[in-house]
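Undergrad: A structural model of the following input is requested.
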Amino acid sequence: MTCPRKARLRAVLKHWVNEVKTSQDGNESVFVAFYIDDLSGILERFYNGIDLSQKIHRKLLNHIDRAMNFGSKVQTDAQINLENSNNPNKSNTEQYVQDSTGCAAAGPITLNSHHPCQPAMGKITFYEDKAFQGRSYESTTDCPNLQTYLSRCNSIRVESGCWMLYERPNYQGQQYLLRRGEYPDYQQWMGLSDSIRSCCLIPQTGSHRLRLYEREDHKGLMMELSEDCPSIQDRFHLSEIRSLHVLEGCWVLYELPNYRGRQYLLRPQEYRRCQDWGAMDAKAGSLRRVVDLY
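TA: This is a model prediction of the structure:
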């Protein structure tokens, strides 16, 4: 017997793919804005499985790359609203998604309405040697395996966007957040070696909000944040966070205060235990919103 939740997910994903394949009226940018912010969180609510969400994420990105040109036909929200007002018979496509408890989400997912997430646009260049010397590789999107292009990485230039770098392929190992700027050696991004094997472009949102819990499974004392927190200990008198629920935006959790130590990228989804965000223990020192300041 087919699991209703899995069947529901398949139906939602099929609709998204068809939306991209068949769209001819300039609404591609709306789909991408919706997709980038919500896909990871929705998949986690269904499966709590990072490996599966990454596989589906990559497949859908391939469909998007074939179906659209990111640099053309970008509509503003005002244009979209004007089209809808001029055509009252045009109905929005709505899909209701269940959360991890099996309850319906707070509201419908409307593909043609305003969504706070903006399509991620970025450009990063990796260099094998220090001071931007040696063989280089330029990327404008996620890359699960940089070893195909470079044997090592000793300097990086970020021209736009916010990026998370990983010391191992497939977004594994130590993580390093990079914003726009120049990094002439790996110490500049707090790296431990010249090993950078994968990277992802982090989507931008207009607002950020998350909830922290002192116990696993979102139990115990709950605290909410909507701004950077340089010291969780000073703010909440806690040195450990057992579970998290990211409601809006992407965040980086740091192991130590003042944005130092190991880093963990947090996307909009539920994290019921520290292992869900890739940590070995619940030690937490600071939290920072991922915001492109330029």
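Undergrad: drop to CA atoms for contacts and neighbour counts, all remaining ones
TA: Fine.
Undergrad: could you pull out the helices for the stretch 151-294 of the chain?
TA: 232-236 (DSSP state H, counting those that start in this stretch).
Undergrad: which residues touch residue 157?
TA: 124, 125, 126, 132, 180, 181, 182, 183, 184 (C-alpha atoms under 8 Å, 6 or more residues apart in numbering).
Undergrad: tell me which of those residues is nearest to residue 221?
TA: Closest approach to residue 221 among those (C-alpha to C-alpha): residue 180, at 36.4 Å.
Undergrad: The closest one and residue 217, how far apart?
TA: Distance from residue 180 to residue 217, counting by C-alpha to C-alpha, to the nearest Å: 36 Å.
Undergrad: pLDDT score for residue 292?
TA: For residue 292, the model assigns a pLDDT of 83.
Undergrad: do residue 275 as well
TA: For residue 275, the model assigns a pLDDT of 95.
Undergrad: Just give the number of residues close to it.
TA: 13 (other C-alpha atoms under 10 Å).
Undergrad: number of nearby residues for the closest residue to it other than its chain neighbours?
TA: Excluding its sequence neighbours, the residue lying closest to residue 275 (C-alpha to C-alpha, 6 or more residues apart in numbering) is residue 281, at 7.4 Å. Using other C-alpha under 10 Å, residue 281 has 13 neighbouring residues.
Undergrad: Would you agree residue 281 is in contact with residue 274?
TA: Yes: contact between residue 281 and residue 274 holds when scored by C-alpha atoms under 8 Å: they sit 6.2 Å apart.
Undergrad: just to revisit the earlier point, list only buried entries from the contacts of residue 157.
TA: The neighbour-count test (16 or more other C-alpha atoms under 10 Å) marks 124, 125, 126, 132, 180, 182, 183, 184 as buried among the contacts of residue 157.
Undergrad: Can you name the residues that contact the residue nearest to the fourth one when sequence neighbours are not counted?
TA: Put plainly, it is residue 132. Distance criterion C-alpha to C-alpha, 6+ apart; nearest residue to residue 132, sequence neighbours excluded, is residue 155 at 5.6 Å. With contact set as C-alpha under 8 Å, 6+ apart, residue 155 has these partners: 126, 127, 128, 129, 130, 131, 132, 133, 183, 184, 185, 186.
Undergrad: Could I get the contacting residues of the closest residue to residue 180 other than its chain neighbours?
TA: Nearest residue to residue 180, sequence neighbours excluded (C-alpha to C-alpha, 6+ apart): residue 158, at 4.8 Å. Going by C-alpha under 8 Å, 6+ apart, residue 158 touches 123, 124, 125, 178, 179, 180, 181, 182.
Undergrad: Name the nearest residue to the second one, ignoring sequence neighbours.
TA: Nearest in space to residue 124, with sequence neighbours left out and distances taken as C-alpha to C-alpha, 6+ apart, is residue 158 at 4.5 Å.
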